[in-house]
Structure formats: C-alpha cells, structure tokens
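Colleague: dropping the sequence and predicted coords here.
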Amino acid sequence: MKKLYTPKGMEDILIDSCSMYTKVDNEVQQYLNLSGYHKISTSVIEYYDVYSDLKEAFDEGTVFKLIDRDGSIIALRPDMTVPCARAVSTGMRHYPKPLKLYYSGNVYRNYIGRSDMRRTFLQIGAEIFGDSGIWADIELITTACNCLRKAGLKNFKIDIGHSEVFNTISKLTGLSKDEENLISSLISEKNIVELEVVLRDLKISDEHKCLLLKLPGIFGNPDTVFDLIRKLGLDKQMEETVAYLKELYIQLEKCSLGQHISIDLGMTGEQRYYSGLIFKGYTYGAGSMVVTGGRYDKLTERFEYQCPACGFAIDVNHIIKALEKQSGDSLTDEKVLILYDDKGYDKAQLIAEELKAEGIKACLAYGSDKLNIEEYMKVYDFNKLITIKDKEAADNA
C-alpha cells in the first residue's frame, strides 16, 4: 500500500499556516539583521560524531541517523547551536569579535512514543561569539524579547536561571554523572515526588539533600526569589551567581522588561552544554516554550577552539500556535485581488506593482465566468477587490 501521507511527527505546512510562518520568519529575521547580526546557513546534515560527543546534551535515540555512501554515520541536525559553533570554530576564527550571527532553519528530532509529537521544528535564533561579559547576556535577552514582540506576541514570560546553581551543589555532593543528569532533569521538571525518592537512597549529607529539594520551589517574582535565597546560607561561588542574576534583572528592568522576567533557581537547561545563563520563554496558547537560550562558553572547545558564546532559539511552530489562539486578526494584512479582462491586463499589472511597492499584497486574476469571486476571496483571505474593465479601474471594496 502506498504511503500517501507524511510520516508520524512530520507535516505539510499549507497555505494559511505557511503565510503566518513566512510573516513571523520575515519580521524576526529583519529585526536581527537591523540589529547588526549576520545571517549564517549551516548544513542540514552533519557527521553524527558532532552530536555523539554531546550525549549529555542530546538523547542519542532522538537523533536521526543515516549511513553515507562511504560508510560514515551522518545525522539530521537536532539543533542549530552546535552547527553554528562548529562553523565558527572551523571557518570563522579570524573574524573580529564579538561575532553576531543569526539563522533560520528546520531541526529534526526522532521523538518516539506519543503520536502527536512533532519531529521537525522551524527555529530562528541568534548567537554572540567572543564575548563573555554580562552585557552580552543582557543584550541576548533583550534581543530575544524584542524578537518575540516582532513575531506578534505581547504577553510572555522569560524565566531566567543559571547553570552554576545546580553545578556548584553537584560538585559539593560528589554526584556521579548519571546521578547528576537524573537529578538535574527532575529539578528542571519540578518533579519533587520522584526527586525525594532518588535523594533518599543517595549517600550525601542531609544538608545537601535539603538544598536540592528546595531548588525546584525557588522560582517566581525576582524580588521574592532573592529574599528566599538570602535565607539559604550560600557559599561564595553561589553568592557570586546570585549577584550576577540580580544585576541582570536590574538592567533588564531599566530596559522596561521587568514585567516579563521571573527567576528560577531550579532551571538546569535542556541542553547540558550551558555554562552560565539559562533562560526559557513562555506565552499563553503555545503549549510549550517559545524561546530557549543561554551561555555555552565551552562548546567550541569540542572543535578545538576556545571562544565564549551565548545564544537563543525561537520555536516558530509554538509561536504560530500561540498567535492562532491569542489573536488571529493580528496577522491579517491588506490583501488585494485585481480582476482584469482581455483588454485590462497591462493596467492591472501596473496597479499591482504600485501596491506591492507599498508593501501591500496584490494578486492578479482573469475575470472569467468560471471564477466564483466571493468564494475565491474568502478562501484566500483577500479583503479588497479591484476590477479592471476596458483599462478603467473601479474600486469595489
């Protein structure tokens, strides 16, 4: 039997949705370009070794693997950050720093289990290479917020954390790598019930168990979180991390972003290559995160290059899902249908080009008796009609 549809987790993006994807993609890319970021396009297919060395960051089973003709194992990219780090490490070392890049492209993850789980995602993202300072982190978050606004979102929240919070406690307890990964996931998921069970059997101090159990609950309003942190009795390194988060919040508040920001000390990051700042963005109706990002100063070392970096990725699929639920009208543009007869094509073409020069969508259609104008305009979302007859334009809107 022929397979007439797409495989599970894959989808065709048809006219209505594709128009929304294009608008969001264009708006965000234009903003990043105006902000001085330079576009990069990396290969969809990478050598599998690029990701197999990052097993703590990627579940091996979620990577689409293929065999090349020469016997090499290759893979469809499961994210965009690693290919960007590889490209900078192998081909852009000589570029002056900071090097600011942006991209737009699909990533692929071989999720199995749930039949409704998507396995391809359109991501738009930005990366800053060669700057390890707090101001690069501040710029990254403000840029991410402005990209969400350009995409059409008004109400969203950015949760900010730091990888060193958990990493510092983990080092003090002497957890194994497997234990560390498990506990990190449970804290990030705020799965306190299972976290209690796992910690009960570990040979670490009651003080550290108590601290790890508290982490999932230390999140929310920044002022409230910072008050809670003061009561924990932190060591010097943890105090420096908290001081960094405070300064970050103060500067974001100055940028009129305070209402969008919350602090989450239990955030550990889905990708374990993060080495500092971590943040995630949410909005109503998306069903999941609309943006993720952070700092990964050691990632390029895997490609024999030392270069601090930070970046974020926007999930366009989730953005579209949210926009459809929040306000479909916000995505409606002026769209003109121009009807012409046997003698009116030249006039119709001139009018269409004038409209397009103003940024208005204009489509030509031959006005035959077979064309059901009302149905055509409804299906393809035209909101204005211009009829050309004998080279005289009549606006019937």
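Modeller: Received it, and whenever you're ready, just let me know what you need. Numbering: from 1, shown residues only.
Colleague: domain parsing of the chain, as residue ranges.
Modeller: What automatic domain parsing lists as the domains of the chain is 1-155+283-332, 157-269, 334-395.
Colleague: would you list those domains in CSV and tack on distance to residue 276 and mean neighbour count?
Modeller: Bear in mind the C-beta positions are built from the backbone N, C-alpha and C, glycine included. Formatted as CSV, the domains of the chain follow (distance: least, Cβ to Cβ, whole Å; neighbours: other Cβ atoms under 10 Å):
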stretch, distance to residue 276, mean neighbour count
domain 1-155+283-332, 4, 17
domain 157-269, 6, 16
domain 334-395, 41, 15
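Colleague: I'd like these laid out as CSV, including mean pLDDT.
Modeller: Output for these, formatted as CSV (pLDDT from 0 to 100):
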stretch, mean pLDDT
domain 1-155+283-332, 89
domain 157-269, 88
domain 334-395, 84
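Colleague: ranges for the helices of the stretch 251-397 of the chain?
Modeller: In chain order, the stretch 251-397 of the chain shows helices spanning 316-326, 345-357, 373-379, with DSSP state H, counting those that start in this stretch as the criterion.
Colleague: show me the contact partners of the helix or strand harbouring residue 239.
Modeller: Using DSSP states H and E, residue 239 sits within helix 236-254. For helix 236-254, the surrounding residues in contact (Cβ atoms under 8 Å, 6 or more residues apart in numbering) are 134, 137-138, 141-142, 160, 162, 164-165, 168, 222, 226, 229, 232, 234, 258, 261, 263, 277.
Colleague: picking up where we left off before, now the helices of the stretch 251-397 of the chain as JSON lines including distance to residue 179?
Modeller: Shown next, in JSON lines, are the helices of the stretch 251-397 of the chain (distance: least, Cβ to Cβ, whole Å):
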{"stretch": "helix 316-326", "distance to residue 179": "32"}
{"stretch": "helix 345-357", "distance to residue 179": "60"}
{"stretch": "helix 373-379", "distance to residue 179": "57"}
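Colleague: where do the strands of the stretch 51-200 of the chain begin and end?
Modeller: Listed in chain order, the strands of the stretch 51-200 of the chain (DSSP state E, counting those that start in this stretch) span 65-67, 73-76, 99-108, 120-129, 157-162.
Colleague: would a markdown table of the ones you listed with distance to residue 307 be doable?
Modeller: A markdown table is the format used below for the strands of the stretch 51-200 of the chain (distance: least, Cβ to Cβ, whole Å):
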| stretch | distance to residue 307 |
| --- | --- |
| strand 65-67 | 28 |
| strand 73-76 | 23 |
| strand 99-108 | 8 |
| strand 120-129 | 5 |
| strand 157-162 | 20 |
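Colleague: closest to residue 13 out of the ones you listed?
Modeller: Residue 13 lies closest to strand 120-129 among those, at 8.6 Å (Cβ to Cβ).
Colleague: orientation of that closest one relative to helix 316-326 in degrees?
Modeller: Between strand 120-129 and helix 316-326, the angle comes out at 110 degrees (axes from the mean of the first three to the mean of the last three Cα atoms, to 10 degrees).
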